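[1] need coordinates for the below:
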Amino acid sequence: MKRWNLLFFGANTLSVQEILDQMDERELPVDKIKLYDDFLHVGEIFEFRNEPLLVGRKEDFTCHGFDALILLSKVKNLKSLTTELVKSKVPLIDLSGSFAPSANIPIIFSEFFEIETKDLPPVSIVPSPLSIATGLICKPIADHLGVSSIFCSGIQGVSQKGSKLALDELFDQTKDILSFRDIKTNEFPKQIAFNVFPTDEIVEEESRVHTEVKYLLNQADLKLKLDVWWAGFFVGLCGTIWMNTLKKSSLQDVEEYLMSSPSLKLSRDILAPGILDAVGKDYIVVSNVRYYESGEQGLTLRFVMDNLRKGLSTNLVQLLELFS
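    Alright, predicted model coming up:
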């Protein structure tokens with residue numbers, strides 16, 4: 001089995017540690033890991049299998065002797081980085097949304113991807129958590145019934161920032177409010193504790209999810225609308241999906257289509273599962289599957305997932321396992 005030498009660029013705190021923990025938990029064969037960042041996280045120390053990992057400076061970056069670079073956040077000089085990787089023949093795995101899928105840049109997702117080579121593509125993509133949830137849920141239904149349009153409303157916890165500072169801000173604001181003290185905002189444009197408000201990056205997020213979901217469903221003419229909110233909880237992503245199908249089937253059949261995916265767990269409880277029912281899990285919990293009144297071929301459902309684990313680390317490590 002292949003033993004990996006891995007580079008990480010853009011060492012946002014929560015993402016890196018979750019990936020390292022997942023690689024350890026799944027016993028991915030790893031010999032060497034190097035972490036680099038532009039500025040913010042330089043000097044931070046992470047731990048992997050009881051060994052410390054220091055985040056190095058971008059100026060000291062080298063890709064010689066490594067098997068892949070994992071891009072966790074967008075960088076200013078992407079062209080320079082990719083040029084060096086091409087020269088050294090080191091594949092890039094993008095988790096940052098810097099690349100859009102195309103004929104030459106595939107989304108590699110264990111349930112959708114058929115391996116035609118033993119090597120990683122020069123550039124490949126792991127989709128965003130909301131793309132993963134939407135794609136995984138809509139794919140089995142689209143395969144059987146066809147889908148003409150999708151609307152997804154997502155509510156994400158502060159872990160989506162990928163920064164421990166975001167978690168600290170929620171924690172500190174909660175303490176200050178309960179102690180009747182003034183609060184401070186930094187990571188978010190307004191108070192996040194005890195609050196819900198829409199993201200200010202909806203255009204960029206909508207563009208990324210739309211592109212990735214169309215790719216995952218292999219449907220260029222798909223109509224997709226998106227609405228995303230920040231909420232005052234620490235980890236997780238929940239939402240509602242409405243979709244118009246081309247054909248109608250019984251709800252029992254629809255549930256069977258959903259259960260055919262190993263990444264989906266169906267809950268038939270009257271009370272829909274909450275965020276805590278999905279945190280720490282490698283699957284997405286789906287509930288409240290029903291037809292909505294505006295049309296006989298209009299399906300709706302709710303979902304909850306761990307956006308750090310299932311929405312990030314699990315799929316990355318599964319990708320590496322595919323090519324081990």
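[2] so which residues of the stretch 1-150 of the chain form helices?
    13-25, 78-88, 129-145 (DSSP state H, counting those that start in this stretch).
[3] and among these, the most buried is which?
    For the helices of the stretch 1-150 of the chain, the largest average neighbour count (mean count of other C-beta atoms under 10 Å) is found in helix 129-145, namely a mean of 23. To be clear about C-beta, it is placed using only N, CA and C from the backbone, and glycine gets the same treatment.
[4] how many other residues sit next to Leu40?
    15 (other C-beta atoms under 10 Å).
[5] before we move on, what about the one 10 residues further on?
    Around Asn50 there are 6 other residues, counting by other C-beta under 10 Å.
[6] any idea how far Val317 is from Ile108?
    As for Ile108, its distance to Val317 is 12 Å (criterion: C-beta to C-beta, to the nearest Å).
[7] low-confidence regions, the stretch 151-300 of the chain specifically.
    For the stretch 151-300 of the chain, applying pLDDT under 70 flags the ranges 270, 293-296.
[8] so who does the spatially most central residue of the chain touch?
    For the chain, Pro129 is the residue whose C-alpha lies nearest the centre (C-alpha atoms, centre = their mean; 2.8 Å). Counting by C-beta atoms under 8 Å, 6 or more residues apart in numbering, Pro129 touches 156, 160, 237, 305, 307, 310-312.
[9] in strands, which of these fall?
    If you go by DSSP state E, those have 156, 237, 305 in strands.
[10] picking up where we left off before, now the helices of the stretch 1-150 of the chain as TSV including mean pLDDT?
    TSV is the format used below for these (pLDDT from 0 to 100):
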stretch	mean pLDDT
helix 13-25	89
helix 78-88	86
helix 129-145	94
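[11] can I get these in a markdown table with distance to Ile241?
    Shown next, in a markdown table, are the helices of the stretch 1-150 of the chain (distance: least, C-beta to C-beta, whole Å):
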| stretch | distance to Ile241 |
| --- | --- |
| helix 13-25 | 25 |
| helix 78-88 | 32 |
| helix 129-145 | 6 |
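[12] who does the nearest residue in space to Asp227 that is not next to it in sequence bridge with?
    Distances taken as C-beta to C-beta, 6 or more residues apart in numbering place Ser153 nearest to Asp227, at 4.6 Å, with adjacent residues excluded. For Ser153, the beta-bridge assignment (DSSP bridges) gives partners Asp227, Thr240.
[13] so how far is Val254 from Ser153?
    Between Ser153 and Val254 the computed distance is 20 Å (C-beta to C-beta).
[14] looking at the helices of the stretch 1-150 of the chain, which is nearest to Lys164?
    helix 13-25 (4.4 Å; C-beta to C-beta).
[15] dihedrals phi and psi, Ser102?
    In terms of degrees, to the nearest 10, the main-chain angles of Ser102 are phi -160, psi -170.
[16] ok, back up a step: neighbours around the residue nearest to Asp227, how many?
    Residues near Ser153, counting by other C-beta under 10 Å: 15.
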